[in-house]
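Participant: Just a sequence and a predicted model for now, questions to come.
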Amino acid sequence: MLMDCQTVTLRSSSGIQQPAARAYRVHYLRNCSNLAAADTLDVVRSNIVTLPIHKAVGDSISPSQDLLAVEEPLQIRANGRDLSITMRTPGHDLELAAGFLFTEGILKARADLAAAESGENTVTLTLAEGVDAGTARNFYTTSSCGVCGKASIQSLHAAGCETLPPLRIARDVIHGLPGQLRTTQSVFEHTGGLHGAALFDASGKLEMVREDVGRHNAVDKLIGAAFLDGRLPLGDRILLLSGRASFELVQKAVMAGIPVVAAVGAPSSLAVQTAMRFGMTLLGFVRDGRFNIYSGVARLE
């Protein structure tokens with residue numbers, strides 16, 4: 001709870017145009033008992049702003065304040081060319097860029113990335129000799145839509161994706177995933193405005209969490225971190241999504257070799273088709289001690 005924290009308010013350093021008398025303020029949270037790691041605290045500090053609002057409760061309307069997740073543009077450049085501008089939650093930008101290039105099929109191995117630099121709302125990548133950045137992508141990517149250019153199952157076949165490996169998962173493990181994600185979503189706890197993606201091992205042990213205003217960005221950050229650590233493919237891991245499971249998110253999981261994807265929300269029809277084609281276990285509505293199994297029931301025990 002914010003009331004348990006000492007706060008200092010500062011004007012946001014973002015490029016957002018601020019209406020008169022409605023300055024966005026960044027809350028610097030201090031001494032928060034539920035934020036243990038210093039790096040997590042730094043991310044929370046930079047990703048939350050407050051905004052004057054009105055609340056309607058029953059028949060009354062009264063002034064109030066709300067906490068919002070920061071959304072700013074990130075320019076991704078590779079070998080001197082602009083590849084993408086995406087709206088995202090600042091933080092883990094190198095991972096986001098690496099995950100984006102990997103799931104787009106530009107990076108195939110860790111050695112394909114020679115160097116990477118992160119600046120204010122920019123990431124500049126240097127690809128290894130012989131790695132083609134592909135056609136220049138001068139487009140704007142919204143945080144809600146993601147990059148939807150590969151909108152077919154055939155594109156995954158073209159990328160060389162194969163049937164996902166076998167893995168046995170206990171049903172009790174699945175039931176316990178959402179609770180672990182909620183306890184580690186630091187910015188979501190204060191704003192309710194971020195998507196989360198979490199990586200677990202087969203026993204349900206949480207390994208990594210990434211948050212973003214864009215569900216696609218959160219997954220790219222997660223996969224990008226594994227890519228930068230040289231851990232792909234993730235053939236013995238579970239991916240948990242805090243929202244729905246779209247085709248694009250399942251596509252990214254297939255690219256990373258993840259055999260089990262669980263979502264708190266519903267999957268799309270194309271997501272289910274893709275999961276079936278590549279032998280993925282796809283679960284939806286994972287909450288309150290229940291979930292739906294849309295494909296890959298044989299992995300559950």
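Facilitator: Looks like it arrived, so ask away.
Participant: what are the ranges of the strands in the stretch 1-150 of the chain?
Facilitator: 6-11, 25-30, 48-57, 60-69, 72-78, 81-88, 113-119, 122-127, 140-141 (DSSP state E, counting those that start in this stretch).
Participant: Which strands or helices does the fifth one pack on?
Facilitator: It refers to strand 72-78. Secondary-structure packing of strand 72-78 (3 or more C-beta pairs under 8 Å, 6 or more residues apart in numbering; DSSP states H and E): strand 81-88, helix 93-103, strand 122-127. (C-beta placed from N, C-alpha, C; glycine too.)
Participant: Give me the average confidence score over the longest one.
Facilitator: I take that to be helix 93-103. Mean pLDDT, computed over helix 93-103, is 93.
Participant: Tell me which residues of that helix come out buried.
Facilitator: 93-103 (16 or more other C-beta atoms under 10 Å).
Participant: For the stretch 1-150 of the chain, which residues score under the pLDDT cut-off?
Facilitator: By pLDDT under 70, the low-scoring segments of the stretch 1-150 of the chain are 1-46, 55-61, 68, 135-150.
Participant: 80 instead, please
Facilitator: 1-47, 49, 51-62, 65-71, 87, 134-150 (pLDDT under 80).
Participant: Identify each of the helices in the chain and give its residue range.
Facilitator: Counting by DSSP state H, the chain has helices at residues 38-47, 93-103, 153-158, 171-184, 186-191, 215-228, 247-255, 269-277.
Participant: for those, which one sits closest to Ala198?
Facilitator: helix 171-184 (4.7 Å; C-beta to C-beta).
Participant: give me the number of residues near Thr126?
Facilitator: 15 (other C-beta atoms under 10 Å).
Participant: which residue is nearest the centroid of this structure?
Facilitator: Ala218 (0.7 Å; C-alpha atoms, centre = their mean).
Participant: is it true that that residue touches Ala198?
Facilitator: No. Look at Ala218 against Ala198 with C-beta atoms under 8 Å: they stay out of range, at 9.2 Å.
Participant: okay, and the common contacts of these two?
Facilitator: The contact sets of Ala218 and Ala198 overlap at Arg210 (C-beta atoms under 8 Å, 6 or more residues apart in numbering).
Participant: and the residue nearest to the centre of the chain, how far is that from Leu249?
Facilitator: 9 Å (C-beta to C-beta, to the nearest Å).
Participant: How is the protein divided into domains?
Facilitator: 2-69, 72-151, 171-299 (automatic domain parsing).
Participant: Pro165 is nearest to which of those domains?
Facilitator: domain 171-299 (4.4 Å).
Participant: Give me the distance between the two termini of that closest one.
Facilitator: Chord length of domain 171-299, first to last residue, is 10 Å (C-alpha to C-alpha, to the nearest Å).
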